[in-house]
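Colleague: A structural model of the following input is requested.
(one chain, ligands or ions: 2)
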Amino acid sequence: MNKLLVTGGAGFIGSNFIYYELRHRPADSILCLDSLTYAGNINTLKPALKNGGVKFVRGDISDRETVFRVFKEYRPDAVVNFAAESHVDRSIKDPGIFLKTNIIGTQTLMDACLKYETERFHQISTDEVYGDLPLNRPDLSFSETTPLRASSPYSASKASADMLVGAYSRTFGLKATVSRCSNNYGPYQFPEKLIPLMICKAIVDEKLPVYGKGENVRDWLHVEDHCSAIDAIIRRGRAGEVYNVGGRNEYSNLQVVRLILRELGKPESLISFVDDRPGHDLRYAVDPQKITNELGWNPTTKFIDGIRGTVNWYKEHGEWLQDILSGRYVSANERAGYRPAGDVEYELIGCGR
Ligand code: NAD
Ligand code: TDX
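Modeller: Ligands and ions are numbered 1, 2, ... in the order given. Below is the predicted model of the structure:
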């Protein structure tokens with residue numbers, strides 16, 4: 001397996017995965033297919049594209065013509081599908097694009113895999129497909145057999161895609177795997193998600209908007225650990241299987257925000273409690289026993305070290321961040337292949353613009 005098609009590789013986890021593969025599998029070739037929505041940033045991939053091991057096509061995974069052309073010309077051995085609308089708050093404001101990209105996009109890629117007999121299709125899913133757990137039951141966690149019970153339009157679209165992967169696997173014999181991971185953090189995360197948003201705001205002494213009472217719990221995993229799990233699954237995981245990926249590393253949002261403030265030497269008076277997210281999931285907790293037992297995977301980054309490294313990364317990558325906050329990255333994206341269709345909205349939620 002040495003020709004990978006990585007979709008959504010200009011986003012947070014996809015770009016980290018491309019760099020992970022370049023470091024660990026230098027003989028492999030990678031083609032990144034990404035439509036460069038507001039969440040994609042071609043600048044993130046510049047060093048990888050210069051290096052020559054990675055090629056880039058700007059295109060939409062729900063556009064059959066583009067997808068089939070890419071498969072016909074590139075003939076990937078494996079497809080890793082990161083491309084998605086990924087922000088819960090946006091899905092509450094406008095669900096439509098989540099259904100198009102996350103469901104139809106996944107179906108389109110799988111149809112192409114069947115036609116071109118791709119050895120492996122891997123779907124990057126999320127622990128949010130299982131719904132949430134109560135705060136007062138720390139003994140409970142999600143296993144791969146926990147029924148799907150999505151809460152937001154985002155998680156419902158991801159759960160739909162997971163069901164389709166299962167159906168394509170059983171009905172058409174598609175060689176597919178699914179990974180359901182907990183909340184990721186690390187370099188290159190778009191500053192609309194909790195950790196990078198809070199870091200960015202704290203650096204410039206802006207108020208940090210914590211939803212509700214800040215008591216919701218997430219299970220945090222460093223993105224590098226997610227990448228090592230995906231690498232193990234696509235190479236050694238069994239076709240037809242789902243693997244949960246998590247850090248057994250639960251913190252409330254308030255604990256996370258306080259930790260970031262401490263790392264930056266900023267006062268807790270910056271915390272501002274704001275209206276809660278509608279339908280806000282209380283707690284996620286993933287049981288990663290299956291991937292540990294079958295594939296020997298374990299996370300390696302301690303949360304305190306990971307947060308410290310992430311805070312420092314954002315402090316040291318002011319240009320990458322300013323390009324986003326100022327909207328300059330949109331021009332770089334527009335120069336990268338084609339102009340976005342009219343339905344692409346370049347609105348930054350929560351970034352003070
Ligand atoms: P992201 O929003 O940072 O990046 C998504 C990427 O997909 C962007 O580069 C965007 O341009 C691209 N994209 C969007 N629509 C597309 C389309 N129609 N065609 C082609 N490209 C398109 O997302 P992320 O946080 O890196 O998440 C990647 C995947 O991992 C998603 O499937 C998400 O559901 C899943 N996931 C994320 C987390 C997390 O904590 N961020 C946790 C578990 C699972
Ligand atoms: O400004 C904020 N204030 C706040 O209190 C934001 C943006 C978030 N929050 C809370 C909501 C959540 O309880 O922080 C928690 C984390 O929020 P997000 O970063 O938006 O992540 P979440 O909703 O948990 O979903 C993430 O993890 C699972 C990713 O965005 C998904 O793509 C992934 O599937």
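
Colleague: and the residue lying farthest from the centre of the chain, how far is that from Leu208?
Modeller: In the chain, Ser269 marks the outermost C-alpha relative to the chain mean, sitting 30.9 Å out by Cα atoms, centre = their mean. To Leu208, Ser269 is 10 Å away according to Cβ to Cβ, to the nearest Å. Using the backbone N, CA and C atoms, a C-beta is placed for each residue, glycine as well.

Colleague: wait, Thr126 sits on Asn184?
Modeller: No. Between Thr126 and Asn184 there is no contact, the gap being 9.6 Å when judged by Cβ atoms under 8 Å.

Colleague: show me what the residue in the chain that ligand 2 sits nearest to is bridged to.
Modeller: Residue of the chain nearest ligand 2, by Cβ to the nearest ligand atom: Thr126 (3.1 Å). For Thr126, the beta-bridge partners under DSSP bridges are Cys181.

Colleague: who's in contact with it?
Modeller: 155, 158, 180-181 (Cβ atoms under 8 Å, 6 or more residues apart in numbering).

Colleague: go with 10 Å
Modeller: Applying Cβ atoms under 10 Å, 6 or more residues apart in numbering to Thr126 gives the contacts 84, 86, 88, 150, 154-155, 158-159, 162, 179-184, 245, 284, 286.

Colleague: just Asn2 next, same as before
Modeller: 25, 27-30, 76-78.

Colleague: then Pro209?
Modeller: Pro209 makes contact with 194, 197-198, 201, 257, 271-275, 350, according to Cβ under 10 Å, 6+ apart.

Colleague: in a markdown table: the residues you listed, plus neighbour count and secondary structure.
Modeller: Formatted as a markdown table, those follow (neighbours: other Cβ atoms under 10 Å; DSSP: H, G, I helix; E, B strand; the rest coil):
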| residue | neighbour count | secondary structure |
| --- | --- | --- |
| Leu194 | 22 | helix |
| Leu197 | 22 | helix |
| Met198 | 26 | helix |
| Lys201 | 22 | helix |
| Val257 | 25 | helix |
| Ile271 | 18 | strand |
| Ser272 | 11 | strand |
| Phe273 | 13 | strand |
| Val274 | 11 | strand |
| Asp275 | 8 | coil |
| Gly350 | 15 | coil |
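
Colleague: and ligand 1, which of the residues you listed contact it?
Modeller: Counting by Cβ under 6 Å from any ligand atom, nothing from these sits close to ligand 1.

Colleague: show me what from this structure comes close to ligand 2.
Modeller: Residues of the chain lying close to ligand 2 by Cβ under 6 Å from any ligand atom are 86-88, 126, 128, 183, 193-194, 197, 209-211, 216, 218, 253, 277, 350.

Colleague: which secondary structure elements does the helix ranked longest in the chain contact?
Modeller: In the chain, with assignment by DSSP state H, the single longest helix is helix 153-172. Judged by 3 or more Cβ pairs under 10 Å, 6 or more residues apart in numbering; DSSP states H and E, helix 153-172 is in contact with helix 88-93, helix 96-99, helix 105-115, strand 120-126, strand 176-181, strand 242-245.

Colleague: ok, Asn81 - how many residues close by?
Modeller: Residues lying near Asn81 (other Cβ atoms under 10 Å) number 27.

Colleague: I misspoke; the intended subject was Thr146.
Modeller: 18.

Colleague: and the nearest residue to it once chain neighbours are set aside, what is it in contact with?
Modeller: Nearest non-adjacent residue to Thr146, counting by Cβ to Cβ, 6 or more residues apart in numbering: Tyr130, 4.8 Å away. Tyr130 sits next to 141-144, 146-151, 155, 159, 180, 244, 281, 284-286 when contact means Cβ under 10 Å, 6+ apart.
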